[in-house]
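S.K.: Would you be able to build a 3D model of this:
(2 chains)
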Number of protein chains: 2
Amino acid sequence: MTTTENPVRNGVDTATLFATLDAVKGNPDIAKSQFRATNRWVSGTHNQSTIHGFHGALQEMTHQQPWTFDADHPAVLVGNDNGPTPVEYVLHALAACLTAGLANIAAARGITLTEVESTVEGDIDLLGILGLSDQVRNWYQQSNVRFKVRGDDPEKLRQVIEQSRQRSAVFDVVTNGVPVSIEVDAG
Amino acid sequence: MTTTENPVRNGVDTATLFATLDAVKGNPDIAKSQFRATNRWVSGTHNQSTIHGFHGALQEMTHQQPWTFDADHPAVLVGNDNGPTPVEYVLHALAACLTAGLANIAAARGITLTEVESTVEGDIDLLGILGLSDQVRNWYQQSNVRFKVRGDDPEKLRQVIEQSRQRSAVFDVVTNGVPVSIEVDAG
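M.R.: Presented below is the predicted three-dimensional model:
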C-alpha cells in the first residue's frame, strides 16, 4: 500500500477501491451483476422509469431509494416536454460514465483532480426516426465529448481520460453496440 | 385525413403529428437536430448532468426548464449512491425511446393503447470495467426488454412494437453503436 498517507483522493476511498479489486480477484463471480429499469407509459411520448433494484456481489440489492425519471419529446417533436428526450439521457450517461471512471482511475494512480466538466453533443437527423428516410440512421450521425480537466500534470490527466474511455461501459455500448432481445406480452 | 373524428389518440395529437411529418417532407433540413448534455464532476464517482438547450427546427431552442440528473456508483461499487449508475440511465433511455415510439406509431395507425409497461435488464460482468479482464466486455453481455402492452388487437400491438424498434434512436445506438470523438482540455 502506497496510499496509506492519503487513502481518500478525489473523493474516492482508494483503500476500499483496492480492497474491492482484491475481493473480485479472489472470487470473480462477485463481478457478475444485473442492472434494471422499469418503465410505465403515461400519455403520448411521456413515460416514466423507476430505477431501484439490482443484482451485485452475489445478492439482490437496492439503491438507497427508488429514483424516477420522466422522458418526453419537446413540443417541436409533438410532445409536451415533461422531461428530456431518451437520446439526451444517453448523452448524460456517456458523460457520467467517463467522469466516474476518470475520478476512480486518477485516484488509483495517485493523481489529484480539482475540476472536471464535459459537454456531450449528438447530431441527429430525425428523418430516420420519423420514418421519412431509410438513408439516414435513427441515431446520431456523430457524437462528440469535450472534457475540461484541471488538477495534476496535464499529460497524466489526458492518460487518465484515455484509460477511462477504454474501461467505460457506456462508451463501449455507444461505440460498439450490444444485442438486445425484446419480449412482448400483448393482450 | 381519416383521423379528424378523433385527432387525439393515446395522448398524441395526430393532426399535429401528421402536420409535422408534412412540414419535414417539405423541408428536410428541419429534421437536422443536435441534443446536448453538460456534466460536472462532484466527488468520487458522483457527478451531475444538466440538460436544457438543443437545436431543432432550424433554431436554437431550450426545454421548458433545465433538468439535472445525478449519477453515482452504489457502495458495493465504491460510490456513495447519490444517483443511479450511468448504465442504468441507458436502460431507462432504451425503455423510454421504445415506449414513446410505440405511442406515436399506434396513434398514427389509429390503434388505441390502454397500458404499456416494460422492464429492461442488462447483465454485466464488472471484470471489464474494473480492468481485471480483457476477455469480457465493459458493457452488458446481454440486454433484454420485456413489454406488457394492452389495448386494441394484440397482433396489431406486436406490429407497433416492432415498428417502434425499427425506428428507435436509442435501440439503434445500443445495438449498432456510433463513432464518438473525445476532445480534452487538460490544464
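S.K.: mind checking how far the longest helix along chain A is from the chain centre?
M.R.: Ranked by residue count, the top helix of chain A under DSSP state H comes out as helix A:86-108. Mean-position distance between helix A:86-108 and its chain equals 5 Å (CA atoms, centre = their mean, to the nearest Å).
S.K.: Extract the C-alpha set from it and format it as CSV.
M.R.: Extracted in CSV, the C-alpha atoms of helix A:86-108 (Å, rounded to 0.1, in the frame of the first residue of the first chain):
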residue,chain,number,x,y,z
PRO,A,86,-34.5,9.5,-24.4
VAL,A,87,-31.4,10.4,-26.6
GLU,A,88,-30.4,13.1,-24.1
TYR,A,89,-30.4,10.6,-21.3
VAL,A,90,-27.8,8.6,-23.3
LEU,A,91,-25.6,11.6,-23.7
HIS,A,92,-25.8,12.2,-19.9
ALA,A,93,-25.0,8.6,-19.3
LEU,A,94,-21.9,8.8,-21.5
ALA,A,95,-20.6,11.9,-19.8
ALA,A,96,-21.4,10.4,-16.3
CYS,A,97,-19.6,7.1,-17.1
LEU,A,98,-16.5,8.6,-18.4
THR,A,99,-16.3,11.1,-15.5
ALA,A,100,-16.8,8.4,-12.8
GLY,A,101,-14.1,6.3,-14.3
LEU,A,102,-11.9,9.3,-14.6
ALA,A,103,-12.2,10.0,-10.8
ASN,A,104,-11.6,6.4,-9.9
ILE,A,105,-8.6,5.8,-12.2
ALA,A,106,-7.0,9.1,-11.2
ALA,A,107,-7.3,8.2,-7.5
ALA,A,108,-5.9,4.8,-8.1
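S.K.: List the neighbouring strands of the helix or strand that that helix is followed by plus their orientation.
M.R.: Using DSSP states H and E, the helix or strand that directly follows helix A:86-108 along the chain is strand A:113-125. The strands that strand A:113-125 pairs with in its sheet are strand A:142-151 (antiparallel), strand B:32-43 (antiparallel) (by DSSP bridges).
S.K.: What about A:G53? Give its phi and psi, please.
M.R.: Torsion angles at A:G53 (phi, psi; degrees, to the nearest 10) stand at phi -90, psi 150.
S.K.: do A:G128 as well
M.R.: When quoted as degrees, to the nearest 10, the phi and psi of A:G128 stand at phi -70, psi -60.
S.K.: and the closest residue to A:A95 other than its chain neighbours, how far is that from A:K148?
M.R.: The spatially closest residue to A:A95, leaving aside those adjacent along the chain, is B:N39, at 3.6 Å (CB to CB, 6 or more residues apart in numbering or on different chains). Backbone N, C-alpha and C define where each C-beta goes, glycine included. B:N39 sits 11 Å away from A:K148, going by CB to CB, to the nearest Å.
S.K.: the more surrounded of those two?
M.R.: B:N39 (27 against 15; other CB atoms under 10 Å in any protein chain shown).
S.K.: quick one: that one and B:E162, what's the gap?
M.R.: Counting by CB to CB, the gap from B:N39 to B:E162 is 34 Å.
S.K.: And the nearest residue to A:P7 once chain neighbours are set aside, what's its pLDDT?
M.R.: Once flanking residues are discounted, A:P7 sits nearest to A:A15: 4.3 Å by CB to CB, 6+ apart. Looking at A:A15, its pLDDT stands at 93.
S.K.: So A:A15 belongs to a strand, correct?
M.R.: No: counting by DSSP: H, G, I helix; E, B strand; the rest coil, A:A15 is not found in a strand; it is helix.
S.K.: Give me the common contacts of B:N39 and A:K148.
M.R.: Residues touching both B:N39 and A:K148 (CB atoms under 8 Å, 6 or more residues apart in numbering or on different chains): A:E117, A:S118.
S.K.: what is the mean pLDDT for stretch A:122-129?
M.R.: For stretch A:122-129, the mean per-residue pLDDT is 88.
S.K.: What's the end-to-end length of it?
M.R.: 15 Å (CA to CA, to the nearest Å).
S.K.: How about stretch A:109-116?
M.R.: Start-to-end, stretch A:109-116 (CA to CA) is 17 Å.
S.K.: count of neighbours near A:T114?
M.R.: Neighbour tally, A:T114, other CB under 10 Å: 10.
S.K.: In space, not sequence, find me the middle residue of chain A.
M.R.: In chain A, the centroid-proximal residue (CA atoms, centre = their mean) is A:A93; its distance is 3.3 Å.
S.K.: now that residue: how far from B:Q142?
M.R.: For A:A93 relative to B:Q142 (CB to CB), the value is 18 Å.
S.K.: can you count the residues close to A:T62?
M.R.: 12.
S.K.: ok but it is inside a strand, no?
M.R.: Yes: per three-state DSSP, A:T62 lies within a strand segment.
S.K.: What pLDDT does the model give it?
M.R.: The model's pLDDT for A:T62 equals 98.
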